[in-house]
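*Asks:* Quick one, fold the following:
(chains A, B, C, D and E, ligands or ions: 4)
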Amino acid sequence: MSAVLIIEQVLNGLQFGVMLFLMAAGLTLVFGVMGLINLAHGSLYMIGAFACAAVAMATGSFWLGLAASIAASAAAGALIEVAVIRRLYDRDHLDQVLATFALILVFSEGTRWVFGSFPLYLDPPEGLSGAVTLPGGIDYPLYRLAIIVAGLAVAAGLFWLIGGTRLGIRIRAGESDREMIAALGVNIAALYTVVFALGAGLAGLAGAMVGAIQSVQVGMGEPVLILAFVVIVIGGVGSVAGALVGALLVGLTDTLGRFLLPVAFGAILPPSEAMGVGSALASMLIYLLMAVVLIFRPQGLFGARA
Amino acid sequence: MSLLLLSGVTARYGRAQALFGVDLALDEGEVVALMGRNGMGKTTTIRCICRLLRHDGGRVEFAGHDLRPLPAFRAARLGLGLVPEGRRCFPNLTVVENLIAAARPGPWDLAAVEALFPRLAERRGQMASTLSGGEQQMLAIGRALMTNPRLLILDEATEGLAPVIRAEIWAAIRRLRAERQAILIVDKSLRELRALADRCVILERGATVWSGPPAALTPDLANRHLGV
Amino acid sequence: MTREGAVNAVILALLAAVALAGAAGDRPFLVTLAAKVAILGLAGVGLNIALGFGGLVSFGHAAFFGLGGYVAGILASHAQNYEPVAEWPITIAGTQEMLIIWPAALAACALAAAVIGALSLRTSGIFFIMITLAFAQMLYYFAISWPAYGGEDGLPIYLRNAFPGLDTMDGLQFFALCLAALVLGVGLSWRLRDSRFGLALEAARQNPERVAAVGIRVFRVRLAAFVISAAITGLAGALYADLNRFVSPAMLSWQTSGELIVLVILGGVGRLWGPVAGAGLFVFLEHVLGGVSEYWQALLGLMLLGVVLFARGGLLGLLAGARRHG
Amino acid sequence: MAETVLELAGLSKSFGALRATDGVSLTLRRGEIHALIGPNGAGKSTLIRQITGEIAPDSGTIRFMGRDLTGLDMPARARAGLARSFQVSSVASEFTALQNVVLAVLGASGRVFGFLAPAMADLRLVGPARAHLGRVGLSGREAVRAADLSHGERRRLELAMALALRPKAFLLDEPMAGMGPEGAREMTALLAGLKREAPILLVEHDMDAVFALADRISVLVYGRIIATGTVAEIRADPAVREAYLGEEA
Amino acid sequence: VKVGMITTLSGGGAGLGIDVRDGFLLALKMAGTRDVELVIEDDQQKPDIAVQLADKMIQSDRVDVLTGIIWSNLAMAVVPGAVRQGVFYLSPNAGPSQLAGKGCHENYFNVAWQNDNLHEAAGAYAMKAGYQNVFIMAPNYPAGKDALTGFKRFYTGKLAGELYTKLGQTDYAAEIAQIRASGADAVFFFLPGGMGIAFLKQYAQSGVGIPLIGPAFSFDQTILAAVGDAALGVRNTSQWSKDLENDANRAFVAAFLKEYGRLPSLYASQGFDTANLLLSAMARAEVEDKAAFRDALRKADFASVRGKFRFNTNHHPIQDIYVREVVREGDVLTNHVVTVALEDHGDAYAAECRM
Ligand SMILES: Nc1ncnc2c1ncn2[C@@H]1O[C@H](COP(=O)(O)OP(=O)(O)OP(=O)(O)O)[C@@H](O)[C@H]1O
Ligand SMILES: Nc1ncnc2c1ncn2[C@@H]1O[C@H](COP(=O)(O)OP(=O)(O)OP(=O)(O)O)[C@@H](O)[C@H]1O
Ligand SMILES: [Mg+2]
Ligand SMILES: [Mg+2]
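*Replies:* Ligands and ions are numbered 1, 2, ... in the order given. Just a heads-up that it's a prediction; the model follows:
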């Protein structure tokens, strides 16, 4: 096992983490800051991917597709906020779970109705395809580097938005007491629509970017949704910093676990069995990580509340 | 013309009617005390004014606008500043963030509020959830002042404050009154209210039973309606 | 009888009527569906104790549902193959007797819940939701990749397990068994809710700090509720294995946890018969809408949305009015 | 001198740089009302929270009925006989007033793990609960949801729950707050009788009530006790006047 | 004859079920028969639903024949119970090893392949092509393990690495890095559905140029459309290809394209063959006479679109398995047959089957 391989795996872990962050960022906004459990976040991710694929296929331009993905998912987000979510803020989390679960069904089947049951084609744009050679002789896909950059940019933007603007303050105030912030003259309803649409747009962006290297198909959102929840829970709900750290942690743990555990078991078991046991454990690893984090820090790594 | 006018207001929580006919008028620059025993409808009246509760009968007008169709934030932007019962600071925000969250321009700014409550200045970056009770009360008052309201509504705003601070608040209210700030106030300290209010309105079982200048509030009346 | 009592009686009668009609009208599939409703209802009744009464939103109850199922499946498969489950330290033979399988499933789930609960209950809110999910996922991935009992392919039970005096392969008799278990489960949760323990549990949902301040250990109360809840759901899992004569990791998946939650909310959280009503509606939609259109899941989604938005408190909230206390 | 029920010695607690409690020593004796007053943020509630076990002191000891409380958690202390009312009403808001008090009676009984017999039909629980509600003036409001009670009524409920614990000492954090003039008078009368059942550590900003009730007063400023004495002594203390009382003395 | 089809028509895996169904329906239509009464239900890719549907079809609809299941785990849930209740089961896709070996049954016929078949062919091809150091990879679940076992049954050279991924995994950067570092001269992978799409695209982006071999599942018509050029040139093994030169196949491809406006997939071809097998048996025997009908099925007297086709002793196919290459044809990607990997190939479990 060479040093180059290990460095490359760390890079992969980082990149996977950043990818998760893109998804978790929107979720943290909606869930952490607005206090809404939105299971349909994965559907918005899917909508972004489909919109990007459809537009890119029609126009031949990935970048137009990317813009379309943000627009489509933000619009879908705004629509469901106004039509459904808005009635649920004062409700129990449980009602939100049921409603957004229902939304998943509607969106998934709706997408299948529009685009059919078969996966769509979406590739990275010309300019970002192929690999570049990094210092140290590592060939690394350019597009993945681009994802890292985009993820970090989104992180910076969100830090600023939540921490540094009055908008962020108001959203957080709305989370703890919507009635009161309204009584002080803030149009919290409109604000929430905007924020929800923003979160949705980010999910759509993530879906489009990821769709270009994975598969664009119905049901693509749910596995990522679960991972994104894991990420923000590990990081601490409502904290953008937590989401970033959680995402990187999950990305690294998963990637390195998949890589190293079989090797480790190889020391004590025959190769084929070591593979099986090692990778079985690797697939449980992030859940193990989450459980351990929560057992020692029940509010997550960056969680404020005790 | 009155700044705030309630006539025959009725309201309910679900099936339970809480207001049965509240009449109240408050002019520009006037201080009105809203009185009554526990559970008589003072807070409910205030919730109707601030549109936190829809009234089902009667009229609620503020600055010439019928408030019935307005959502809470629009009513607030007409110039209502509320210090709610039970403080309701935003626990996940710091002191400063609480103050600026809904601030609107005007004479009351961060500096002015911190001058009024030096204790808040000391605790600027602290989360509101960990403030002491009295500190939270100061914060709630400061937060309402920062919206620079035309009508300041104080619902038990001196609850849980130390006597010295209470005295300061009364002094501040007197000063506001001198500056012709309109104020609607609920408080348990009759002594202070009598000294300060232009008019008193007494509620009993959700209806206005008496209103008039403090001087006309005889011990007999006070005993009958307020139990003192 | 209160309105809710009447609605409950109708639910029970309807369930029995469907099964009887199915048996009489030579539509055995209706009997199967009725049994499915009873079993999922029982699983929901279990979940409802944690989720409805205790406010402990477990997103990992599939772990217990599946564990119960696997207990039944593993014991039965060993009995079928005449191989003991374990030979050391003591010989444990497989069995096809429900009267042995059930206590085993209850015990296994209670034990698992005691461990998972003790760790998870250190957290609350969304953290609790996710940590319970995490434990269930670990079990799920374990079951998928563990070859001994079929992994992802699952484990067939060729004949339903036996209950003394009954022919469990007969649909109606099996249904009667499930219904009896359901009624017992609901009865237990009813007594539980109104008991001292139930009072403390419901109070802890609303204001744990206050409960601690009157001298009650919230953690213990919650842990007990979680264990009872898991055991009941596990029993339902064992029955479900018998209904399908098959267990697979799908029973442990997060979708199953989600569906259990959905049917509890759909019926009415914290209501005794809520989960049963929810299970009934869910199974009905699942099997009826399928014939309407290839995109029937969208219809299901829209109907669920309608229930959340316009029927607060789920189906029972709609039929029997808001939940009353005292 | 009457027997000491509760004894704090050298209690300290810091939040970051803030010394919220700074070497506080204080006693509560059988049959007395010991009032604890002081400016906002002086550390009164923080002190109460340390006594109830909600937070742990950095140093110092708490002895109750001759027994060191260190290491006992909140429920254990409540069962040992420390009843507390919260500064901000803290009740089970979906429960009725009666259910809330039954809960407290249940907690005091120590028999929580009864799984089958209905609690609200158990006269051993409901009987005392009704009586406690009556004492705080909430007769006739038993069936109202706590969330639907008015602010003042909830404060009374809070006290009824403390009564229901049949404690050996009361820790009351601003029981008069939100009471209104009439309510404050009734509450004063109630507390005056209550101290014969168990001594009261009373945190309160309503000076009329404090002066009417207190046998002894301690004044807490910036986490330190600056004076302890009778009502007359405290009213006359210039330091207290300046830090806290202002003109109200 | 009453036929119950349980297949996946909703959710993420619906594409496969829809193809099987469409292929099946097309065969019926082309035969112009009215003797088949078909009930189709959606199993949602959930084993428990599949079992319940099977119960319903057997008990209420009283079907004679069941078919349609796509996934091995669903087949394992349904088939053992169903065949013991006396219905015939014709598998258009899944072929788990239990049902081919010890668990075989006289009423169970597999019209597609035993799960290991395509992987075995890939192993054989790797040998034939002269690769000496192959990296192999599959998800960590029974079918994945069977795949690698199947490959190794025919490939006896050195392994550069053997890797199990998480089921449902969509990011393969770590695996690709290991492949790059392994020094392999070929990579065999089995990653069904979206997993395969993700892997192929990421592999192409990574710049690792080691040749890929896989079973046809990742190179099916619908998948190629989603993967795009990343799949060009990859060798894959299949018992069927669009360009197989036989009359049945030419007619099938043309008819399918005309009927549905898209190229048929592997799954469509299997659905088509399944229906034709059924029709051929119906022509020889009455379904009420189980023994005779079973014999008729066993004869497999129909023109399979894959050319030669007959049943082994365990009712699994003996057939040729081809190697195809992904090529561009106009503006669509598709497969061309390159060579035959295994001729008249049965499966490794037939000997264990006692029927
Ligand atoms: N959310 C609510 N739901 C139902 N009833 C309520 C609610 N809030 C208050 N009430 C009832 O409405 C009546 C009036 O309450 P309100 O809070 O207006 O009284 P108040 O005069 O402010 O009393 P206090 O001095 O105790 O604050 C009371 O009988 C109370 O029980
Ligand atoms: N968790 C915490 N973190 C930081 N500071 C805290 C925390 N809890 C309390 N404080 C601070 O400690 C000081 C003492 O608070 P405490 O609540 O005990 O005051 P108090 O005497 O009860 O005041 P009041 O009369 O206003 O209720 C306050 O300044 C408060 O802001
Ligand atoms: Mg009030
Ligand atoms: Mg305090």
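
*Asks:* Show me where the chain has its helices.
*Replies:* Picked chain A for this. With DSSP state H applied, chain A shows helices at A:3-27, A:41-59, A:62-83, A:93-115, A:142-164, A:166-176, A:178-183, A:188-211, A:221-235, A:240-266, A:271-296, listed in chain order.

*Asks:* right idea, wrong chain: chain B
*Replies:* Using DSSP H, helices in chain B cover B:42-49, B:72-77, B:95-101, B:110-116, B:118-122, B:133-145, B:163-178, B:190-196, B:219-226.

*Asks:* which residue is nearest the middle of chain D?
*Replies:* Residue closest to the average C-alpha location in chain D (CA atoms, centre = their mean): D:Leu172, at 1.7 Å.

*Asks:* Mind checking what secondary structure it has?
*Replies:* Following DSSP: H, G, I helix; E, B strand; the rest coil, the label given to D:Leu172 is strand.

*Asks:* Can you tell me which residues in the stretch 51-200 of chain E are near ligand 1?
*Replies:* Within reach of ligand 1 by CB under 6 Å from any ligand atom, the stretch 51-200 of chain E has no residues at all. The way it works is simple: take the backbone N, C-alpha and C, and place the C-beta from them, glycine included.

*Asks:* circling back to that earlier point, in TSV, list the helices of chain A along with mean pLDDT and mean neighbour count.
*Replies:* Output for those, formatted as TSV (pLDDT from 0 to 100; neighbours: other CB atoms under 10 Å in any protein chain shown):
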stretch	mean pLDDT	mean neighbour count
helix A:3-27	87	24
helix A:41-59	93	26
helix A:62-83	94	21
helix A:93-115	88	22
helix A:142-164	85	17
helix A:166-176	84	21
helix A:178-183	89	23
helix A:188-211	90	26
helix A:221-235	87	26
helix A:240-266	88	23
helix A:271-296	83	21
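
*Asks:* circling back to that earlier point, contacts only, for the residue nearest to the centre of chain D.
*Replies:* D:84-85, D:159, D:162, D:191, D:200-204 (CB atoms under 8 Å, 6 or more residues apart in numbering or on different chains).

*Asks:* hang on, the earlier thing: can you redo the helices of chain A as a markdown table with distance to chain D?
*Replies:* Shown next, in a markdown table, are the helices of chain A (distance: least, CB to the nearest CB, whole Å):
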| stretch | distance to chain D |
| --- | --- |
| helix A:3-27 | 30 |
| helix A:41-59 | 30 |
| helix A:62-83 | 28 |
| helix A:93-115 | 14 |
| helix A:142-164 | 20 |
| helix A:166-176 | 14 |
| helix A:178-183 | 14 |
| helix A:188-211 | 22 |
| helix A:221-235 | 24 |
| helix A:240-266 | 20 |
| helix A:271-296 | 19 |
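
*Asks:* Would you mind giving the ones you listed as JSON lines with distance to A:Thr133 added?
*Replies:* Shown next, in JSON lines, are the helices of chain A (distance: least, CB to CB, whole Å):
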{"stretch": "helix A:3-27", "distance to A:Thr133": "11"}
{"stretch": "helix A:41-59", "distance to A:Thr133": "28"}
{"stretch": "helix A:62-83", "distance to A:Thr133": "23"}
{"stretch": "helix A:93-115", "distance to A:Thr133": "38"}
{"stretch": "helix A:142-164", "distance to A:Thr133": "10"}
{"stretch": "helix A:166-176", "distance to A:Thr133": "41"}
{"stretch": "helix A:178-183", "distance to A:Thr133": "53"}
{"stretch": "helix A:188-211", "distance to A:Thr133": "23"}
{"stretch": "helix A:221-235", "distance to A:Thr133": "30"}
{"stretch": "helix A:240-266", "distance to A:Thr133": "21"}
{"stretch": "helix A:271-296", "distance to A:Thr133": "29"}
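
*Asks:* Looking at the ones you listed, which is nearest to E:Val83?
*Replies:* Closest to E:Val83 of the helices of chain A is helix A:271-296 (CB to CB; 30.7 Å).

*Asks:* by how many degrees do the closest one and helix A:221-235 diverge?
*Replies:* 50 degrees (axes from the mean of the first three to the mean of the last three CA atoms, to 10 degrees).

*Asks:* tally of neighbours for the single nearest residue of the stretch 151-300 of chain E relative to chain B?
*Replies:* Nearest residue of the stretch 151-300 of chain E to chain B: E:Asp171, at 34.3 Å (CB to the nearest CB). Neighbourhood size, E:Asp171 [other CB atoms under 10 Å in any protein chain shown]: 25.

*Asks:* Nearest residue to it in space, please, no chain neighbours.
*Replies:* A:Phe16 (5.2 Å; CB to CB, 6 or more residues apart in numbering or on different chains).

*Asks:* Ok, A:Pro125 next?
*Replies:* A:Phe62 is the one closest to A:Pro125 (CB to CB, 6+ apart), at 3.7 Å.

*Asks:* Now do the contacts for that neighbour.
*Replies:* Per CB under 8 Å, 6+ apart, neighbours of A:Phe62: A:52, A:56, A:122-125, A:212.
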